[in-house]
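[1] Sequence and predicted structure, then a few things I'm wondering about:
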Amino acid sequence: MAVVTGGRRGIGQAIVERFVREGARVGVFCRKKASDETLQQLEKQGTVFFYQVDVTDRVMLEEAFARVNKEIGELDILVNNAGITMPGRLESLKEDQWDRVIDVNLKGIFLCSQIAVKTLKNKGGSIVNISSMSGMEPYEGMGAYSSSKAGVIMLTRQMALEWAQFNVRVNAVCPGIIRTPLNEYLIADPEIHAARAALIPMKRIGKPTEIANVVAFLVSEEASYITGQAVLVDGGLLGSIQSHIKGRPVSKAKNSC
Ligand SMILES: NC(=O)c1ccc[n+]([C@@H]2O[C@H](COP(=O)([O-])OP(=O)(O)OC[C@H]3O[C@@H](n4cnc5c(N)ncnc54)[C@H](O)[C@@H]3O)[C@@H](O)[C@H]2O)c1
């Protein structure tokens, strides 16, 4: 069975639905109950279970993981997906804003994983942490977010190194621009949507299911020898900076070989 944090909408919801299709029972840790009809239906069917939890609260997490083990079964998979953004340039970002982003995005993963590994180490298992392309390259005006997501990549590598001896694999997925409720207010604007899609070599914004597919692979037996990796899923965006340098004959480049 699996636990997915922040699984009531967006990327987390796509991961939950994918796991259910694969035959898993899934505990969803979220602050609010899901309003989505599909998830409510899955709850009625007894494949999805909701636990009202803030991932920054150790006491709530200890209780929730204990209930999961009792009500759903022994944990095999943890996906640390819950995350928040906090726009603000570093020179004016408030200390409590910085703290909240680091607490949810980084400390939350540490807390959930530290509790989960007590169970996972008994028989092996898999953890996937959702980082971001912003954890690989800075995102102007999102300094707390980028720093937290870079921390997630190193925390992933650290956990992978320390927990390989228990046969617990730990990997990260770094999404590019994915259309979810988090950025819907921007992407719903056709001009912004078109401008963003145009920047991406694959010329389109990603879908939550395209992140869920990678998570499903990483937790599967197919990935049984992969640990400590950060997989970028961005339609080529992060590697395309040289294509935006004006004056370069990108399309007319001569083959010099
Ligand atoms: N959408 C993108 O383009 C994108 C890109 C890169 C990385 N990501 C990352 O993917 C993950 C999911 O993002 P999304 O776009 O689906 O966002 P979203 O806002 O739709 O979902 C985030 C979920 O996390 C939950 N959450 C937030 N704080 C929490 C807390 N303290 N305790 C428990 N749950 C909490 C929210 O309630 C929500 O359900 C995040 O970690 C985000 O940083 C998203």
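    Thanks, I have the structure now.
[2] When you work out contacts or count neighbours from here on, use the C-alpha atoms and nothing else.
    Fine.
[3] quick one: the helices in this protein?
    10-21, 37-45, 58-71, 95-102, 108-123, 143-163, 184-187, 190-199, 208-219 (DSSP state H).
[4] For the residue nearest to the spatial centre of the chain, list the residues it contacts.
    Most central in the chain under CA atoms, centre = their mean is I130, positioned 2.1 Å from the mean C-alpha point. By CA atoms under 8 Å, 6 or more residues apart in numbering, the contact list for I130 reads 79-82, 152, 172-175.
[5] Number of residues surrounding L78?
    Look at L78: counted by other CA atoms under 10 Å, it has 26 neighbours.
[6] isn't it right next to L120, touching?
    No. Applying CA atoms under 8 Å, one finds L78 not in contact with L120, separated by 9.2 Å.
[7] can you list residues touching both of these two?
    The contact lists of L78 and L120 share S126, where a contact means CA under 8 Å, 6+ apart.
[8] any chance of the helices of the chain in TSV, plus distance to the ligand?
    Formatted as TSV, the helices of the chain follow (distance: least, CA to the nearest ligand atom, whole Å):
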stretch	distance to the ligand
helix 10-21	3
helix 37-45	12
helix 58-71	10
helix 95-102	9
helix 108-123	7
helix 143-163	8
helix 184-187	9
helix 190-199	11
helix 208-219	7
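[9] Mean pLDDT and mean neighbour count added to those, as CSV?
    Shown next, in CSV, are these (pLDDT from 0 to 100; neighbours: other CA atoms under 10 Å):
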stretch, mean pLDDT, mean neighbour count
helix 10-21, 98, 22
helix 37-45, 95, 14
helix 58-71, 97, 16
helix 95-102, 98, 16
helix 108-123, 97, 18
helix 143-163, 98, 22
helix 184-187, 94, 14
helix 190-199, 96, 14
helix 208-219, 98, 19
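[10] So for G27, which of the ones you listed sits nearest?
    Proximity to G27 (CA to CA) singles out helix 58-71 among the helices of the chain, at 6.8 Å.
[11] which helices and strands sit right next to that closest one?
    Judged by 3 or more CA pairs under 8 Å, 6 or more residues apart in numbering; DSSP states H and E, helix 58-71 is in contact with helix 108-123.
[12] Give me the contact list for the helix it packs on.
    By CA under 8 Å, 6+ apart, helix 108-123 touches 55-58, 61-62, 65, 74-78, 80, 126-127, 129, 152, 155, 163, 166-168.
[13] 6 Å instead?
    Helix 108-123 is touched from outside by 55-56, 80, 166, with contacts defined as CA atoms under 6 Å, 6 or more residues apart in numbering.
[14] For ChimeraX, what selects the buried ones among those?
    Buried residues among the contacts of helix 108-123 (16 or more other CA atoms under 10 Å), as a ChimeraX selection:
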select :55,56,80
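[15] from the contacts of helix 108-123, which are also near the ligand?
    55-56 (CA under 6 Å from any ligand atom).
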